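J.: pasting the sequence and the predicted model now:
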Amino acid sequence: MGAAELKELKLGSDLVLYVSAPPHGSPLSSAAWVELTERAVAAWQDNCEKCALPAVAVEIWGEREPAPVRQDGLSVVRLRSGSWCPDKAQDQVECYDPARRAITRIYPDAAAATSAITSFREADIEINLIGLEQDAAHSPLSDRVLATLIHEVGHVWGLAHSCAASLDVSCQDATARGSAMYPDATESGRALVLVPSSADLVALRAKYPHLKAELSSRALMALMALMVMVATFKRRSKVHATHVRQGRK
């Protein structure tokens, strides 16, 4: 469940997620749905120290019609209930796989194909509410939705799944299973991850390292020594110039 498995994805600018109102009859109110999205974003932004993260903000989609899922310059979050199908689906054959609990669509920049890093500025998230309601009720529905949103928001910053055959990392690995980026956020028998793991945050810091240069103690001492040498040279030059002027008098 999640972003297209491209080699290196990176959010190229600040982004606003427009949260579309839940469908009529949803067990989640509009306020609860927005709050869960905000909590999912904050789970990453508030816990990643020394990260130079592009900001991801959450706003309410103000239109009556649901926010469209398409490449249009707007990043949206949609909760689908009653139908787990793309906006343009003509019949059930064109619908999503019912086993998928969420999908994040990443829209790479036009010039990304020629770069080692695939940057993007737009992403749409769709959540399968019916699928989450059908999961084993080992936890409240709101927690299942939150865990799913945290996973998908991780994709919005370009994080890949914590395990996959292509990564040579087994999904039975304890670190992979404890990650918010584990492929199935609500897998039966696995505890929900409602806060990114330390491994998740290490991966995020590696992708968005802090830009402030930090001098080592040895480099700082060398810089201070150089400054002393320059100051001494200037002082001696000034004294020498004074002596020369006095000698000419």
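T.: Sure, I can see it.

J.: for my notes, confirm V41 occurs in a strand.
T.: No - read with DSSP: H, G, I helix; E, B strand; the rest coil, V41 is helix and lies in no strand.

J.: how close does it sit to I60?
T.: To I60, V41 is 14 Å away according to CB to CB, to the nearest Å. No exception for glycine: its C-beta is placed from N, CA and C like everyone else's.

J.: more neighbours: these two, which one.
T.: Shown here are V41 and I60; by other CB atoms under 10 Å, V41 has more neighbours (22 against 14).

J.: ok now the helix or strand harbouring A206, how far from the chain's centre?
T.: Element membership for A206 (DSSP states H and E) is helix 198-207. Centroid separation for helix 198-207 versus its chain: 10 Å, with CA atoms, centre = their mean, to the nearest Å.

J.: and it, what other elements does it pack with?
T.: Contact here means 3 or more CB pairs under 8 Å, 6 or more residues apart in numbering; DSSP states H and E; on that basis helix 198-207 packs against no helix or strand.

J.: hmm, who's touching it?
T.: 10, 44, 47-48, 50-51, 53, 154, 157-159, 162, 175, 178-181, 196 (CB atoms under 8 Å, 6 or more residues apart in numbering).

J.: next step: those restricted to strands.
T.: The strands, defined by DSSP state E, take in K10 from the contacts of helix 198-207.

J.: now, the contacts of helix 198-207 that are in helices?
T.: Using DSSP state H, 44, 154, 175 are the members of the contacts of helix 198-207 that sit in helices.

J.: for the most centrally placed residue in the chain, list the residues it contacts.
T.: For the chain, the residue nearest the mean C-alpha position is W157 (2.5 Å; CA atoms, centre = their mean). Applying CB under 8 Å, 6+ apart, we find W157 in contact with 11, 44, 53-54, 56, 204, 207-208.

J.: most widely separated two among those?
T.: V56 and K207 (13.8 Å; CB to CB).

J.: neighbours of E49, how many?
T.: Residues near E49, counting by other CB under 10 Å, number 8.

J.: what's the answer for R78, then?
T.: With other CB under 10 Å as criterion, R78 counts 22.

J.: ditto for T104
T.: T104, neighbours per other CB under 10 Å, totals 20.

J.: from the contacts of W157, pick the one nearest I150.
T.: Checking those one by one against I150 (CB to CB), the nearest turns out to be W44, at 7.5 Å.

J.: any idea how far the longest strand along the chain is from the chain center?
T.: Assignment by DSSP E gives strand 118-128 as the longest strand of the chain. Centroid separation for strand 118-128 versus its chain: 10 Å, with CA atoms, centre = their mean.
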